[in-house]
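here you go, sequence then predicted model.
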Amino acid sequence: MTEKRRGAAVWIATGAGIGYLPVPGTFGAAAGLGIVAALARWVTYRSWLWALVGVATAAVFVLGVWAAGSAEEFFGHTDPSYVVIDEVAGQMVTFLLRPDAPWRWLLAGFVLFRVFDVLKPFPAGRAEGLPGGWGVMTDDMVAGVYSLAALAVLRFIFK
């Protein structure tokens, strides 16, 4: 891989440098929340919002698999803490069903995602064992699905 591509991969994997901040996973998740919130304010046709967030999440995931794998090679170990593109994508998954949620639901989804990301309930912990960028990205996608399901249950309970 050329130095230019490797630099781009590390830049993407670290969330444009967010990964170098203290508590990088939290800042990475905040970036994912920010992307969803920005899309919700930007898109005027609500029927397109879910599709756009879904496509954006899939794009971040695919790009993240490549970038995280390259970043592992660059940093010399698996799933380095500097890599936050996985938190960005996982947090975006949390809001796939309701990207235009009010701020309290966005905050709840943020907290739920961070809890599931840290606890890594089955099969998230096992997904970390996948090779290269797949392992880095997939465990956070699982955490995002758990968070999405928890928000759906909470919405049903409080509706």
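Looks like it arrived, so ask away. Numbers count the residues shown, from 1 in each chain.

rest of the way, CA atoms for contacts and neighbours
Fine.

so residue 137 is in which element?
Taking DSSP states H and E as the criterion, residue 137 maps to helix 132-158.

in terms of secondary structure, what does that helix contact?
Helix 132-158 is packed against helix 46-75, helix 85-94, helix 103-119, helix 124-127, with contacts defined by 3 or more C-alpha pairs under 8 Å, 6 or more residues apart in numbering; DSSP states H and E.

helix or strand for the residue nearest to residue 88 when sequence neighbours are not counted, which one?
Among residues not flanking residue 88 along the chain, residue 32 sits closest, at 4.1 Å (C-alpha to C-alpha, 6 or more residues apart in numbering). Taking DSSP H and E as the criterion, residue 32 maps to helix 24-42.

low pLDDT regions in this protein?
1, 4 (pLDDT under 70).

count of residues packed around residue 63?
Neighbour count for residue 63, taken as other C-alpha atoms under 10 Å: 18.

what about it, distance to residue 76?
Going from residue 63 to residue 76 by C-alpha to C-alpha, to the nearest Å gives 20 Å.
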